[in-house]
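A.B. asks: Based on what follows, work out the 3D shape:
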Amino acid sequence: MIGRRIVHAKQNGAKISAFVKAESSVTANIADECFNASVGEFLDACKDDVDESSVVIFNQIDDADDLAKIEALGCKILPVFSKSNTKGALSILDAKSKDEMFELLDNTKVLLVFNDDIVDELEFDFSKISKIISFAPCASKTTEISDIVVPIKTWLEKDGSFVNAMGETQTFNAAIESDVLSEIEVIEKLNG
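C.D. replies: This is a model prediction of the structure:
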């Protein structure tokens with residue numbers, strides 16, 4: 001939901017500066033300017049544009065000094081945890097241990113990956129798997145090793161729901177129009 005608020009802020013004229021370590025992300029794609037240097041360099045470049053009405057959103061800092069620099073800006077700060085939607089979903093689903101995941105992958109011949117970068121998450125020899133098919137809105141380490149990559153809508157382009165970190169199901173509507181298919185639409189076409 002934070003991402004949707006960023007998009008709405010952009011549509012309402014807010015300046016979006018993104019500090020991103022990934023080469024491609026939805027936030028980076030809509031940002032007015034992107035930085036991929038250190039957090040300190042990012043903050044030094046943006047400090048004159050930040051006031052008490054600004055909001056700095058981050059999901060990664062290098063050390064406590066960087067957090068102190070963010071707090072010193074005198075604006076609202078919002079830490080966003082990695083995989084927050086996954087954490088919420090785990091409150092209603094049974095989680096697999098790493099060993100269980102590796103056992104499943106060891107016995108997998110065809111792997112379908114939906115909108116995730118599993119290669120970045122797990123240290124596993126994915127060359128053991130005969131065929132990897134990724135359904136993804138942007139490039140990742142997983143799409144790089146995939147035999148087939150099916151482009152899908154980003155979260156900005158589709159309706160849906162997710163389980164938040166509090167375990168509550170939240171629904172959302174598309175923020176922008178797109179002719180690209182969602183994961184569900186691709187599966188429905190394949191089954192049709």
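A.B. asks: Could you use CA atoms for every contact and neighbour count after this?
C.D. replies: Noted.
A.B. asks: which residues in this structure form helices?
C.D. replies: Taking DSSP state H to define them, one finds helices in the chain at 2-11, 26-30, 39-46, 64-72, 84-89, 98-106, 118-121, 141-145, 183-191.
A.B. asks: export these to CSV and tack on distance to Ala18?
C.D. replies: Shown next, in CSV, are those (distance: least, C-alpha to C-alpha, whole Å):
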stretch, distance to Ala18
helix 2-11, 11
helix 26-30, 6
helix 39-46, 9
helix 64-72, 14
helix 84-89, 19
helix 98-106, 32
helix 118-121, 21
helix 141-145, 21
helix 183-191, 27
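A.B. asks: Looking at those, spot the one closest to Thr169.
C.D. replies: In terms of C-alpha to C-alpha, the element of the helices of the chain nearest to Thr169 is helix 84-89, at 8.8 Å.
A.B. asks: per-residue confidence averaged over that closest one?
C.D. replies: Averaging pLDDT along helix 84-89 yields 60.
A.B. asks: And Ile187, what's its pLDDT?
C.D. replies: On pLDDT, Ile187 comes in at 90.
A.B. asks: Let's test this: name the helix or strand in the protein with the lowest mean pLDDT.
C.D. replies: One helix or strand of the chain scores below all others by mean pLDDT, DSSP states H and E: helix 84-89, with a mean of 60.
A.B. asks: sorry, back to before: quick one: closest of the helices of the chain to Asp159.
C.D. replies: Here helix 183-191 is closest among the helices of the chain (C-alpha to C-alpha), at 10.9 Å.
A.B. asks: what about the residue nearest to Lys158 when sequence neighbours are not counted, how many neighbours?
C.D. replies: Among residues not flanking Lys158 along the chain, Ala174 sits closest, at 4.4 Å (C-alpha to C-alpha, 6 or more residues apart in numbering). The local packing of Ala174 (other C-alpha atoms under 10 Å) involves 15 other residues.
A.B. asks: From Asn115, how far off is Ala174?
C.D. replies: Ala174 is 17 Å from Asn115, where distance means C-alpha to C-alpha, to the nearest Å.
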